[in-house]
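K.L.:
Show me the folded form of this:
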Amino acid sequence: MSHGLWTGLILGLCLVANAALAETRQVSPGPQALANAIAGAAPGDELVLERGLYEGPVEILKPLIVTGLDGAILRGNGTGSVIGISGENITVRGLAIEGSGSNSTDIDSGIFVRETARNVTVEDNFLSGNLHGITLHGAQDVKVLRNRIEGRNTGHVNDRGNGIYVWNAPGALVEGNEIRWGRDGIFANVSKKDVFRGNLMRDLRFAVHYMYTNDSVIEGNVSIGNTLGYALMFSNKIIVKDNMSLADRQHGLMLNYANNAEVIGNLVRGGTTAKCTFIYNAHKNRITGNRFEGCGIGIHFTAGSERNAISGNAFIANQNQVKYVGSRQIEWSDQGRGNFWSDHAAFDLNGDGIADSPYRPNDLMDHILWSQPAAKLLLGSPAVQLVRWSQDSFPATLPGGVTDSFPLTEPISISVPARFIALEADAIAEARERSMTDDDPDNLASH
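P.N.:
Next up is the predicted model:
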């Protein structure tokens, strides 16, 4: 038998032996009770914390399961992170965690999973009032599941921490978490091959903020009442699928220097939203099967974005369906199938689901109004009406821009659960009463 096989067999036997020897240890509240229990536990043990208050911070370096019963609270001393995780095969679950420090440089967090950590699970915890909720800092293959995170709700938004901060943590699975307040719900930076699925994020700056995060999936998340829903920036080959942005105040979905993305089946529904979608210098993306509804602008397309395939979407009741800044002619259909436009009055005489006339969302007057807003005073004038009549009669005079040669006659439908509809209504009512926050999502250099 080869040396490698012997080594693998010995390691496997050791793991089986450790599992057999592992114990479940009850821990009662008391001074340094949890720290002492961690120090005295054997690898593989489960520490079950009874109801009561436990002192932090603590560090977990060996394989352990730390489980909190109902009412088990771990409170830090206001410095550093409440729980640090440095080892492998560690699970933390069922705890109420509070009392981190406020040092942004050190990324003080409720739970800080360090670079040396592997195969860590953080599940079913309630983290409140910490600078950052859960930080994955260089760790691999971490699962963050079904946690409830409430960040800080005072001071400037940009001075608060993130609900879940993922930095260079390949293989992370962040699923089923509820995040409210703080800065960004999930901030992923310089990472890859991560999955962010089924999370609910409210009352934040950005629900999901992506920077230099490649080959990853954002699926089935819900953003309600945030300044911006999904800010996807400087990232390549990401899948953005079946997410919702409901009553986010500035943009629902933004692609900024994001390339080769699949943007499929998402719902952006305004109410107070300035732009459903903002495409800025983003190339070779496939945007299909989405519903963009009730925004000031359905899709704002600018900064030389090229080779994007846009088809099968529904643009419904937006004040301006498209704002295209550029002089090129762009076709928004694919293989004889375009998009649905709620303001396109057209027939479908053969009943094939494709309108009999093309759709052009913008004319020369739109371009003038974008560059010279004061010209809105002339909208009702005979001169403006003459220009628009001329362009309708002689399409060759139209400026460069978007054409959908095969517009659809029926929109896609995306259902919203009743719980999210109620939260959306609350967010719209609140947004109408609040003033603008101190962040400016259009200032791309500040991100």
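K.L.:
Can you show me the strands along the stretch 251-400 of the chain?
P.N.:
251-256, 262-264, 267-269, 275-280, 286-288, 291-293, 297-302, 309-311, 314-316, 320-324, 330-331, 340-341 (DSSP state E, counting those that start in this stretch).
K.L.:
what about the helices in this structure?
P.N.:
Per DSSP state H, the chain carries helices over the ranges 3-21, 33-40, 364-371, 382-393, 418-431.
K.L.:
So, low pLDDT: which residues of the stretch 151-300 of the chain?
P.N.:
Nowhere does the stretch 151-300 of the chain drop to pLDDT under 70.
K.L.:
how near is residue 53 to residue 22?
P.N.:
To residue 22, residue 53 is 27 Å away according to Cβ to Cβ, to the nearest Å. All C-beta atoms are positioned from the backbone trio N, CA, C, and that covers glycine.
K.L.:
More neighbours: which of those two?
P.N.:
Taking other Cβ atoms under 10 Å, residue 53 and residue 22 do not tie; residue 22 has more neighbours (17 against 13).
K.L.:
quick one: that one and residue 41 touch, right?
P.N.:
No: in this structure residue 22 lies outside contact range of residue 41 using Cβ atoms under 8 Å: 9.3 Å.
K.L.:
how deep is residue 110 tucked in, by neighbour count?
P.N.:
33.
K.L.:
Residue 210 versus that one, what's the distance?
P.N.:
Distance from residue 110 to residue 210, by Cβ to Cβ: 22 Å.
K.L.:
Equivalent analysis for residue 117, please.
P.N.:
Residue 117 is 22 Å from residue 210, by Cβ to Cβ.
K.L.:
higher neighbour count, those two?
P.N.:
residue 210 (31 against 25).
K.L.:
quick one: contacts for the more buried one?
P.N.:
By Cβ atoms under 8 Å, 6 or more residues apart in numbering, the contact set of residue 210 is 188, 216, 218, 230-235, 238, 258.
K.L.:
Relative to residue 421, which of those is nearest.
P.N.:
residue 230 (19.8 Å; Cβ to Cβ).
K.L.:
so that closest one touches residue 256, yeah?
P.N.:
No: between residue 230 and residue 256 there is no contact under Cβ under 8 Å: 10.9 Å.
K.L.:
Those two: who's more crowded?
P.N.:
Of the pair residue 230 and residue 256, residue 230 is the one with more neighbours under other Cβ under 10 Å, namely 31 against 21.
K.L.:
Show me what the more buried one is bridged to.
P.N.:
As for beta bridges, residue 230 partners with residue 208, residue 253 under DSSP bridges.
K.L.:
Look at residue 350 and say how many residues are nearby.
P.N.:
Neighbours around residue 350, by other Cβ under 10 Å: 8.
K.L.:
Retrieve the pLDDT associated with it.
P.N.:
Note for residue 350: predicted pLDDT of 93.
K.L.:
Likewise for residue 432?
P.N.:
So, for residue 432, pLDDT stands at 83.
K.L.:
hang on, isn't it packed against residue 272?
P.N.:
Yes: using Cβ under 8 Å, residue 432 is in contact with residue 272, at 6.7 Å.
K.L.:
roughly how far apart are residue 292 and residue 73?
P.N.:
For residue 292, the distance to residue 73 - Cβ to Cβ - is 44 Å.
K.L.:
Between those two, which has more neighbouring residues?
P.N.:
residue 292 (29 against 19).
K.L.:
and the more buried one, what are its bridge partners?
P.N.:
residue 268, residue 315.
K.L.:
My guess is residue 281 contacts residue 301. True?
P.N.:
No: using Cβ under 8 Å, residue 281 is not in contact with residue 301, being 10.5 Å away.
K.L.:
what's the overlap in contacts for the two?
P.N.:
What both residue 281 and residue 301 touch, as defined by Cβ under 8 Å, 6+ apart, is an empty set.
K.L.:
okay, these two: which has more neighbours?
P.N.:
residue 301 (24 against 15).
K.L.:
from memory the more buried one sits against residue 362, does it?
P.N.:
No: the criterion here is Cβ under 8 Å, and residue 301 misses it with residue 362 at 10.3 Å.
K.L.:
Pick out the residue nearest the middle of this protein.
P.N.:
In the chain, the centroid-proximal residue (Cα atoms, centre = their mean) is residue 208; its distance is 2.4 Å.
K.L.:
and that residue, what does it touch?
P.N.:
Per Cβ under 8 Å, 6+ apart, neighbours of residue 208: 184-186, 188, 196, 201, 218, 221, 223, 229-232.
K.L.:
again with residue 333
P.N.:
Per Cβ under 8 Å, 6+ apart, neighbours of residue 333: 311, 339, 404-407.
K.L.:
Could you rerun that using 10 Å?
P.N.:
309-312, 339, 354, 358-359, 403-408 (Cβ atoms under 10 Å, 6 or more residues apart in numbering).
K.L.:
That one and residue 239, how far apart?
P.N.:
In terms of Cβ to Cβ, residue 333 sits 23 Å off from residue 239.
K.L.:
cool, and residue 281?
P.N.:
Counting by Cβ to Cβ, the gap from residue 281 to residue 239 is 20 Å.
K.L.:
tally of neighbours for the residue lying closest to residue 183 once chain neighbours are set aside?
P.N.:
Leaving aside its chain neighbours, residue 183 sits nearest to residue 160 (4.4 Å; criterion: Cβ to Cβ, 6 or more residues apart in numbering). Residues near residue 160, counting by other Cβ under 10 Å, number 22.
K.L.:
Please apply the same query to residue 408.
P.N.:
Applying other Cβ under 10 Å, I find that residue 408 has 23 neighbouring residues.
K.L.:
same thing with residue 433?
P.N.:
Neighbours around residue 433, by other Cβ under 10 Å: 6.
K.L.:
do the same with residue 67
P.N.:
With other Cβ under 10 Å as criterion, residue 67 counts 19.
K.L.:
Hmm, it is touching residue 90, no?
P.N.:
No: with contact defined as Cβ atoms under 10 Å, residue 67 does not count as touching residue 90 (11.9 Å).
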